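>>> Quick one: sequence and predicted model below, then my questions.
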Amino acid sequence: RWHHWLGLGFGLLLLSWVMSGLLSVNPWKVFDSQARRPQVPSLVLTAGNTADETQRSLRCFASAGIRVREMEWLSLGGERYVLGREGAESTRLLRADGDCLPFAAHDLDALRAAGERMLPNSQVGRSRVQT
C-alpha cells in the first residue's frame, strides 16, 4: 500500500518537473509578448581582422597590471569596447579605439540616443544614473 502512495507522489513530482521544464522553453509561444522588440545591433568580429586589436588590448591590460583570463568585445551606440576579466571580481573596460585609459562613464545623452535607436518611434521617458 505504501508503495502505491510513494509512486503517486513521485509521479506527481516528476510530472510537475517535466511540465515546468516544458513551459520554461515556451514551445508553443504561449508566453510571448506581442510588444515590439528592441533592435539590438550585432557586432561581427572575425579572427582575421582583430588579431592586432587583440594584441594591443592584451598589452593595455598587462600595462595596467591585469592578467586577463577572458576578453569580451562590446558595442554601444556605434562605439566598441573591450571588457577584460582577470578573475571573479576584477574587470576593466577599455575603448577599442587604441587608448589604454580605463573607461569611466558614458555620456548620458549618448545613452538616451542609443536607447531610442533600439526601439524606433519611441522615446526614453525617464533616465537615472546609478552609482
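That came in fine, so what should we check first?
>>> Any buried residues in the host helix or strand of residue 74, and which?
Taking DSSP states H and E as the definition, residue 74 sits inside strand 70-76. Applying a neighbour-count criterion of 16 or more other Cβ atoms under 10 Å, one finds residue 75 buried in strand 70-76. The way it works is simple: take the backbone N, C-alpha and C, and place the C-beta from them, glycine included.
>>> Where does pLDDT dip in this protein?
40-50, 77 (pLDDT under 70).
>>> if we can go back for a sec, mind listing what's buried along the helix or strand just after the strand holding residue 74?
Counting by DSSP H and E, the element after strand 70-76 in chain order, helix or strand, is strand 79-85. Buried residues in strand 79-85, defined by neighbour count with 16+ other Cβ under 10 Å: 81-85.
>>> Output strand 79-85 in CSV, but only the C-alpha positions, please.
Only the C-alpha atoms of strand 79-85 are listed here, as CSV (Å, rounded to 0.1, in the frame of the first residue of the first chain):
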residue,chain,number,x,y,z
GLU,A,79,31.4,52.6,-30.2
ARG,A,80,33.4,49.4,-29.5
TYR,A,81,34.8,48.4,-26.1
VAL,A,82,36.8,45.6,-24.7
LEU,A,83,35.9,44.1,-21.3
GLY,A,84,38.8,42.2,-19.7
ARG,A,85,38.2,39.9,-16.8
